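S.K.: Just the structure for this:
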Amino acid sequence: MKPTRGRTSHADKLRSNARSEALYAAMRGVPVRSDMPAPPERQERAKRAVNPSGEPLEGDIQRAIIKYLAVHPKVAFVGRFNSGVAVATDAYGNTRYTRYNTIKGFPDIHFLLKGGKAGYCEVKRPGGKLTPDQELFLSAASAAGALAFMATSVMDVEERLK
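M.R.: All right, here's what the predicted structure looks like:
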């Protein structure tokens, strides 16, 4: 059984129970109960696709930048903002959609510099371009006094924090 984030999945519990049932049936010399079919064995997940160009993916760049900002002496804290919709269905079958991060163009990474200045970093792969909403957000944040920029590497962030 392979735990998922520290928890055992329901299917893995069923598989374990089926194996125990088979063991006890063999010890007693009786056939295994047929009313307890075990779920199919877990299949290995496909490996993450490798980028054929060899360049890092945007998620890899984001993680590196967040790690860099987390230990930078000028940064008080750093966080990642996701955007999207959460779907919840109650016991009566009513579906509710909750949108989170409703600001259009909000950057991938936000941080606070010691001294109170806000920071926003939109991460792109090398050669990537900002959407019009992202450009608008970064320019509005800069005009309001925040440190707002696009980065394609940790070196870009390092330059901006000098």
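
S.K.: Residue 133 contacts residue 104, correct?
M.R.: Yes - in terms of C-beta atoms under 8 Å, residue 133 counts as a neighbour of residue 104; the distance is 4.3 Å. C-beta: built from backbone N, CA, C; applies to glycine.

S.K.: show me where the protein has helices.
M.R.: Counting by DSSP state H, one finds helices in the chain at the ranges 10-28, 58-71, 132-143, 154-160.

S.K.: Residue most distant from the centroid, the chain?
M.R.: Distance from the centre of the chain peaks at residue 29, with 49.5 Å (C-alpha atoms, centre = their mean).

S.K.: what about the helices of the chain, which gets the closest to residue 95?
M.R.: Proximity to residue 95 (C-beta to C-beta) singles out helix 10-28 among these, at 23.1 Å.

S.K.: Spatially central residue for this structure, please.
M.R.: Taking C-alpha atoms, centre = their mean, the centroid of the chain lies closest to residue 82, which sits 8.2 Å from it.

S.K.: wait, that one sits on residue 99?
M.R.: No - here residue 82 does not reach residue 99: they are 11.4 Å apart, not a contact under C-beta under 8 Å.

S.K.: Pull out the buried positions in stretch 119-133.
M.R.: Neighbour-count burial for stretch 119-133, counted by 16 or more other C-beta atoms under 10 Å, picks out 119-125, 130.

S.K.: which stretches of this protein have low pLDDT?
M.R.: Residue ranges of the chain with pLDDT under 70: 1-5, 36-40, 48-50.

S.K.: domains of it?
M.R.: Structural domains assigned to the chain are 1-45, 58-160, following automatic domain parsing.

S.K.: which one of those is the most hemmed in?
M.R.: domain 58-160 (a mean of 14; mean count of other C-beta atoms under 10 Å).

S.K.: Now do the contacts for the closest residue in space to residue 82 that isn't next to it in sequence.
M.R.: What sits nearest to residue 82 in space, not counting adjacent residues and going by C-beta to C-beta, 6 or more residues apart in numbering, is residue 101, at 6.5 Å. The contact partners of residue 101, by C-beta atoms under 8 Å, 6 or more residues apart in numbering, come to 81-84.
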